[in-house]
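Novice: Mind folding the following:
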Amino acid sequence: MIWHEPTIALAEIVWRWIFGLITTLVVVFCVLVYLSTIPVPAPALWMMDTRRAALAAGTLAQMVHGSGWAATKLTLAGLPPLAVFWIVLASLGRTATIRPMLSSASASRGSSWPRMLGISFLRFATWFAANVALYGALILAAMATGGLKNPWGTALLIFVALGIVIFSAWSMLNWLLTLASIYAVRGEDTFGSIASAVDLLRRRFGPLLATSSAWGIMRSIAFISATFVALIALALLRNIPPGYVLIALLLVTLAHLAFSDFLFVARLASYVTIVEADLEPPLAPKPSEPAAPELFSAPEILPFSPEFPAES
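Specialist: This is a model prediction of the structure:
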């Protein structure tokens, strides 16, 4: 499907990269504004110029101390516009990628992207809740190991365990909402789409699990390959100027992101195939044909023998 309609993968890459570029610009601007609020006295510059890790780290901690409110204000100012922008852009982009995958009979007649707003909002809400939960896990790990002599290892273990649970829950919810977006483009409302996705998961758990596992393995192989190529580029840092190495790392990263988007669209096309196969009406049974009459051979007539009576 993607081979015959390459604009589907192109639309996915375009809307994702537009959001990534704008988000990068906003984050860089916020970091620059945050750094401008931190006073840097002359003794701090002198201690950082000593190039000693302990002195530089202590000086940096002293400068950043007390600037948490400025970081909070920048976060509160930058996150809501980015969230609204992502919800609208994701709704438009997901509709543009799913609609060409659907058959003409199952595609919704009207505009589908307003119905996708609810799905996109729930996806952002689950992402935000997962980040808040990670912050709470960090606080909980610090509180649970506060009285220990060497709390770092235990705190890290608690945080990693809670992080795995949080990440697993978020991944499952995000996957379910991605599956529900297919039903939203078909014409169902937000909660109806989620209910249909849950019903599909109960009926077609095997095909969905096999499809997700196959595409997950392919994405893992792509990530390992990109990491291997990046490590090779870093290993050549002593023999090649750093600028060329940075350009190579940037190209590898962009190629991996583009290929990951392509795999995501292909996985979504697989889900569309499963959904449409599940919604197809069962084939009507063929009318039973009347059985052909059996041909019986005429009984063999024995010749009359006078030695036996006629009744025999």
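Novice: Show me the shaky parts of this structure.
Specialist: 40-68, 104-112, 280-312 (pLDDT under 70).
Novice: would you list every one of the helices in it?
Specialist: Ranges of helices within the chain are 6-36, 42-49, 53-64, 68-98, 113-144, 151-186, 190-203, 205-235, 242-279, based on DSSP state H.
Novice: Any chance of a markdown table for those helices, columns mean neighbour count?
Specialist: Every C-beta, even on glycine, is put in place using the N, C-alpha and C of the backbone. Below are the helices of the chain laid out as a markdown table (neighbours: other Cβ atoms under 10 Å):
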| stretch | mean neighbour count |
| --- | --- |
| helix 6-36 | 15 |
| helix 42-49 | 12 |
| helix 53-64 | 13 |
| helix 68-98 | 16 |
| helix 113-144 | 16 |
| helix 151-186 | 17 |
| helix 190-203 | 16 |
| helix 205-235 | 13 |
| helix 242-279 | 16 |
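Novice: Next up, phi/psi of H4, please.
Specialist: The phi/psi pair for H4 (degrees, to the nearest 10) reads phi -80, psi -30.
Novice: Next, count neighbours for it.
Specialist: Using other Cβ atoms under 10 Å, H4 has 7 neighbouring residues.
Novice: measure it to T211 for me?
Specialist: Counting by Cβ to Cβ, to the nearest Å, the gap from H4 to T211 is 20 Å.
Novice: Same question for I224.
Specialist: Taken as Cβ to Cβ, the span from I224 to T211 is 21 Å.
Novice: Equivalent analysis for V252, please.
Specialist: Distance from V252 to T211, by Cβ to Cβ: 28 Å.
Novice: now do L25
Specialist: Taken as Cβ to Cβ, the span from L25 to T211 is 36 Å.
Novice: again with L237
Specialist: From L237 to T211 the distance is 40 Å (Cβ to Cβ).
Novice: One more: T227?
Specialist: 25 Å.
Novice: got it, and L249?
Specialist: L249 is 32 Å from T211, by Cβ to Cβ.
Novice: Skipping its backbone neighbours, what lies nearest M101 in space?
Specialist: V272 (4.4 Å; Cβ to Cβ, 6 or more residues apart in numbering).
Novice: ditto for T7
Specialist: Nearest non-adjacent residue to T7 (Cβ to Cβ, 6+ apart): P100, at 7.5 Å.
Novice: That neighbour against E5, yeah?
Specialist: Yes: if you go by Cβ atoms under 8 Å, P100 and E5 touch, sitting 5.6 Å apart.
Novice: domain ranges for this protein?
Specialist: Under automatic domain parsing, the residue ranges defining each domain of the chain are 1-101, 112-201, 204-278.
Novice: What are the phi and psi values at I240?
Specialist: phi -120, psi 140.
Novice: shift numbering so it begins at 57
Specialist: All right, first residue 57 from here; so that's I296.
Novice: Can you give me the distance of it to S252?
Specialist: For I296 relative to S252 (Cβ to Cβ), the value is 54 Å.
Novice: do the same with L196
Specialist: Counting by Cβ to Cβ - L196 and S252 are separated by 36 Å.
Novice: what do you get for F223?
Specialist: 26 Å.
Novice: now swap in I220 and tell me
Specialist: 30 Å.
Novice: cool, S237 as well?
Specialist: The value you get for S237 to S252, if Cβ to Cβ is used, is 11 Å.
Novice: Next: A181.
Specialist: Relative to S252, and taking Cβ to Cβ, A181 is found at 20 Å.
Novice: hey, C-alpha coordinates of stretch 57-72 in PDB?
Specialist: Coordinates of each C-alpha in stretch 57-72 appear next as PDB, following Å, rounded to 0.1, in the frame of the first residue of the first chain:
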ATOM      1  CA  MET A  57       0.000   0.000   0.000                       C
ATOM      2  CA  ILE A  58       2.800   2.400   0.900                       C
ATOM      3  CA  TRP A  59       4.600   1.500  -2.300                       C
ATOM      4  CA  HIS A  60       1.700   2.400  -4.400                       C
ATOM      5  CA  GLU A  61       0.800   5.500  -2.300                       C
ATOM      6  CA  PRO A  62       4.100   7.100  -1.200                       C
ATOM      7  CA  THR A  63       2.300  10.300  -0.200                       C
ATOM      8  CA  ILE A  64       1.000   8.500   2.900                       C
ATOM      9  CA  ALA A  65       4.500   8.100   4.300                       C
ATOM     10  CA  LEU A  66       5.400  11.600   3.100                       C
ATOM     11  CA  ALA A  67       2.500  13.100   5.000                       C
ATOM     12  CA  GLU A  68       3.400  11.300   8.200                       C
ATOM     13  CA  ILE A  69       7.000  12.500   7.900                       C
ATOM     14  CA  VAL A  70       6.000  16.100   7.100                       C
ATOM     15  CA  TRP A  71       3.600  16.600  10.100                       C
ATOM     16  CA  ARG A  72       6.000  14.900  12.600                       C
END
